[in-house]
Structures are given as structure tokens and as C-alpha cells.
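In: What would the 3D arrangement of this be:
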Amino acid sequence: MQENNISAKNFEQCQKCSLCETVCPVMANNPKYAGPKRSGPDGERYRLKNGIFFEDSLKYCLNCKRCEVACPSGVRIADLIQQARIDYGRKAPKLRDMMLASTDQVGPLASAFAPVANFALGLSPVKGIMDFTIGVDKHRTLPKYSAETFVHWFRKNSEAAQKSYKKQISYFHGCYANYNYPQLGKDFVAVMNAFGIGVQLIEGERCCGVAKIANGMINAAVRDAIINIKAFQKSVREGRDIVSVSTTCTLTLLEEYPELLKVDNSEVKDHISLVEQFLYKGIVSGELKPVWKEGWKARAAYHCPCHQERLGWGIFTTELLRMIPGMDLHKLESNCCGIAGTYGFKKENFKVSQAIGKPLFDNIASLAPDFVACECETCKWQIEMNTGVPVKNPVSILAEALDLEKTASANR
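Out: Modelled structure (predicted):
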């Protein structure tokens, strides 16, 4: 097993150039964290000899993977750190961590009582109690829940109509679009249908598992990953590719399943894509024909999420958005927003999370765009909380900018 881990993570190729440390947002803002080189490849050499060399400070790693983007030797530094936490970490997840990570359990409950939950979670006394008792920082703006989930809306309003489309895809909607912001799922369906593509849901879809991995709930993450992969296999065997709207979900399905959870995704990996990549390739090939609204204009800033940079797919989003007449797009400097999923909700991480994101917030303020385009839902929460500038998923921007009726006619 150790030999397989060495080969997969490639840590023996580390040149000790320290480039990873120059881009690590945590190392620059938290003196308790030793940095990616020492926590990753350097530490692994000791951990392989004896697990006693595992350090609890590895929990400060964001898993943003900026170190892996910078590494000239292809060392999977962030995966080394996360694997060490899985293999050697002995502390059980806190109640707070389990609540933040268990979206398939918390989401339905919060949605069922959405008006009450949203009102309560916005109250300062309630936030103060959560800060004191379970360690969710009182300064964090908590995401709101929708009373109607996307899946419920889809089953009631759209599912039957999808069968009329000749081409079909399977939509991995993720927790955010389902429980927090169903409009994103509705926009996805509207855009896909306009291009003549029917949408099917993933049978028995579970959370991608990224929050469970980050919070030490590995057995639950493996269970959910196995369920998802079996559902993906069914979709692929029936001729449907899997398309997602979230970069972190997509990266988890593609890379974290085999690397960290040891769940084989080889049969389906080449059939999983992010919606921007999917649409860009279809439009460039001439298979998909967009018709844009006359007079639509916007001045937008694009924030490329860290996991999007790791996938190398940000170019698909920027090129797709630049196809829109009237789009004045400005690409923001490469910076981490600091929230990293559940990381920035935790009291012990909040100040560091804010410090990490400040260069990005300042960059957005200097541009003063109409909105920020971004594929990551937690980046959206962090940016909107700290800048007041609305953040839109690119697929929602397309739903606004496309003349959906004329696009549907052009793609019949």
C-alpha cells in the first residue's frame, strides 16, 4: 500500500524548490502551519517510517491545491497532506464538523423549515450561541435554504418534458443547487434545453463528499462515492455523460475519489465534465448554436476558483463568456477567496480565512463590476459577504444572455 501511495502522490520527485510555499495562502497568514513542502513531501518521508511524526497542524491546510498547480514536478502535495490526515489522524470529528459536512441529512431538514431556519440563522443571538457552543464563527454570514428543493421542482415541473429531447445528459446538481439555490439548477435545465439537450437526474445522487473528506468522515465519504459511481456507470452505459455546475464537486468526482477514497472511477471519468467545458466544446464544434439577446450588456469580473485552476479549465469559462456580445469581462488576479468549503465557517479559522481572501476582495472593489462570475458556490458566499458584489454562476449568466426561445429554434 505504501508503494502505491508513493507512486500515486509522486512525492519522491520533490526538488525542494519551495515554489509551493510561495503560493500557499495559509502559510502566508497562519504561523501555526508549516507549509506545503514540510507538511507534504518532507513530512511524508518521516510518516512512512513512523506514524508518530504526523502533526495535527496539517488540519490548517485548505486543500486549495494551489501548491499542486505551482509544483514543476507534478507532486500531489495537497493529496499527500489529506492522505496523511486520513491515515494518521486520530481525532474524531466534532459535532460542528459533522453538521457542516452532512449535507444529505441537514439539507432536507433545513429546507423543510426554510423560513424559520433562515430567520433564526440570521439572528445575532443565535449566531452568538452557535459561536460559543459548537464553534461556527458568529461573524460568518450563513447560507440560506430554499423551501422547495431543485429535485422537487424538477420532478413536478420539468422531468416529463425532458424525454422529448433526442440528446440526453445526466445532471450532477450537487447540494448547493438542490437545497440552497434551486435557481441555478433551473438555469442549467433552461440552457441545456435551449441547446436541444434533455436533462436527467442522477439516480440516488449523494453529496460529492468533499466536506466529509475535509472533516474526517471518510467512511461516510467512501459510502457516498460508491453510490455515486454506480449511478454514473448506469448513466454512461445508457449513453449519457455526466455534467456538473460546481468545480469542487467535479474535482472531487474526478480526482479525490480514486486518490483519497480509493474508489475506482475509471469507467466514468472521461464522461464527467463541468458545464462550461461541455458547452464551450459544443459551440466551437458547431454542434450547439447560441442566439444572444439583443442589447444585453454587463461588466463582469471573473474569479477562477482554486479547484478550477487545479483542473486547468478556467479557460473554458472565460472564452465561453467572451462569446457573449455586450460582455465586458475582466479576469481577476489569481487569489484564493479563503473560505475553502467548511473551513471558513469554523471559529478557529475565520480570521485566517478573511486575511487570505482580502487581496481578492480588494481586487474586486477596485474593478467595481456589475457582478462576479464564478463557478464555486462557497466562493460566492465568501465574496458576497465581504464585498457586497453579487456573484453569478456562468450558467446563470448564459441563461440571462441567451435568447432561449431563438436558441431552441436554432438547435432543433
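In: Quick check: can you list the domain ranges of this protein?
Out: As given by automatic domain parsing, the domain ranges for the chain are 2-88, 298-404.
In: quick one: which of the ones you listed is nearest Gln200?
Out: Proximity to Gln200 (CB to CB) singles out domain 298-404 among those, at 16.9 Å. No exception for glycine: its C-beta is placed from N, CA and C like everyone else's.
In: longest helix of this structure?
Out: In the chain, assigned by DSSP state H, the helix with the most residues is helix 218-237.
In: State the next helix or strand along the chain beyond it.
Out: As assigned by DSSP states H and E, the chain's next helix or strand after helix 218-237 is strand 241-244.
In: now for that following strand, which elements pack on it?
Out: strand 167-172, helix 218-237, strand 272-274, helix 275-285 (3 or more CB pairs under 8 Å, 6 or more residues apart in numbering; DSSP states H and E).
In: got a markdown table for these, with mean neighbour count too?
Out: Putting the helices and strands packed on strand 241-244 into a markdown table (neighbours: other CB atoms under 10 Å) gives the following:
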| stretch | mean neighbour count |
| --- | --- |
| strand 167-172 | 21 |
| helix 218-237 | 19 |
| strand 272-274 | 22 |
| helix 275-285 | 19 |
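In: Same list (the ones you listed) but as JSON lines, adding mean pLDDT and distance to Thr407.
Out: Below are the helices and strands packed on strand 241-244 laid out as JSON lines (pLDDT from 0 to 100; distance: least, CB to CB, whole Å):
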{"stretch": "strand 167-172", "mean pLDDT": "97", "distance to Thr407": "15"}
{"stretch": "helix 218-237", "mean pLDDT": "96", "distance to Thr407": "25"}
{"stretch": "strand 272-274", "mean pLDDT": "97", "distance to Thr407": "20"}
{"stretch": "helix 275-285", "mean pLDDT": "97", "distance to Thr407": "11"}
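In: Which one of the ones you listed lies nearest to Lys49?
Out: helix 218-237 (23.2 Å).
In: Check which helices and strands that closest one sits against.
Out: Short answer (3+ CB pairs under 8 Å, 6+ apart): helix 218-237 packs on strand 167-172, helix 210-214, strand 241-244.
In: In terms of secondary structure, what does the second one contact?
Out: I take that to be helix 210-214. Against helix 210-214 (3+ CB pairs under 8 Å, 6+ apart) you get helix 95-101, helix 218-237.
In: returning to that earlier point: out of the helices and strands packed on helix 218-237, flag the one nearest Trp296.
Out: Comparing the helices and strands packed on helix 218-237 under CB to CB, the one sitting nearest is strand 241-244, at 24.1 Å.
In: partners of the closest one in the sheet?
Out: Strand pairing for strand 241-244, determined by DSSP bridges: strand 167-172 (parallel), strand 272-274 (parallel).
In: With distance to Ser353 as extra columns, can I get those strands in CSV?
Out: Formatted as CSV, those follow (distance: least, CB to CB, whole Å):
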stretch, distance to Ser353
strand 167-172, 27
strand 272-274, 25
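In: circling back to that earlier point, distance to Ser170 for the helices and strands packed on helix 210-214 - can I get that in CSV?
Out: Listed next are these as CSV, based on distance: least, CB to CB, whole Å:
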stretch, distance to Ser170
helix 95-101, 24
helix 218-237, 4
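In: what about those, which gets the closest to Ser146?
Out: It is, among the helices and strands packed on helix 210-214 and with distance given as CB to CB, helix 95-101, at 18.5 Å.
In: If you count neighbours, what's buried in the helix or strand just after the closest one?
Out: For helix 95-101, the following helix or strand on the C-terminal side (DSSP H and E) is helix 103-112. Judged by neighbour count (16 or more other CB atoms under 10 Å), helix 103-112 contains these buried residues: Thr103, Asp104, Val106, Gly107, Ala110, Ser111.
In: Go ahead and confirm the second one touches Arg206.
Out: This points to Asp104. Yes. The criterion here is CB atoms under 8 Å, and Asp104 meets it with Arg206 at 6.0 Å.
In: Name the residues contacting each of these two.
Out: Residues touching both Asp104 and Arg206 by CB atoms under 8 Å, 6 or more residues apart in numbering: Asp224.
In: Of the helices and strands packed on helix 210-214, which is nearest Gly338?
Out: Taking the helices and strands packed on helix 210-214 one by one with CB to CB, helix 95-101 is closest: 16.2 Å.
In: can you list the residues that contact the closest one?
Out: 93, 106, 134-136, 211-212, 214-217, 220, 342, 345-346.
In: now that helix, how far from the chain's geometric center?
Out: Counting by CA atoms, centre = their mean, to the nearest Å, helix 95-101 is centred 18 Å from the centre of its parent chain.
In: so for it, what's the average pLDDT?
Out: Here helix 95-101 scores 92 as its mean pLDDT.
In: How about stretch 32-41?
Out: On average, stretch 32-41 scores 92.
In: now that stretch, how far from the chain's geometric center?
Out: The answer for stretch 32-41 is 24 Å, by CA atoms, centre = their mean.
In: Alpha carbons of that stretch, as PDB, please.
Out: The C-alpha trace of stretch 32-41 is given here as PDB (Å, rounded to 0.1, in the frame of the first residue of the first chain):
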ATOM      1  CA  LYS A  32       0.900  27.600  13.000                       C
ATOM      2  CA  TYR A  33       1.000  25.900   9.600                       C
ATOM      3  CA  ALA A  34       4.500  24.600   8.400                       C
ATOM      4  CA  GLY A  35       3.600  25.000   4.800                       C
ATOM      5  CA  PRO A  36       3.000  22.500   1.900                       C
ATOM      6  CA  LYS A  37       6.600  21.300   1.400                       C
ATOM      7  CA  ARG A  38       7.200  20.400   5.000                       C
ATOM      8  CA  SER A  39       3.700  19.200   5.600                       C
ATOM      9  CA  GLY A  40       3.600  17.300   2.300                       C
ATOM     10  CA  PRO A  41       6.700  15.600   0.800                       C
END
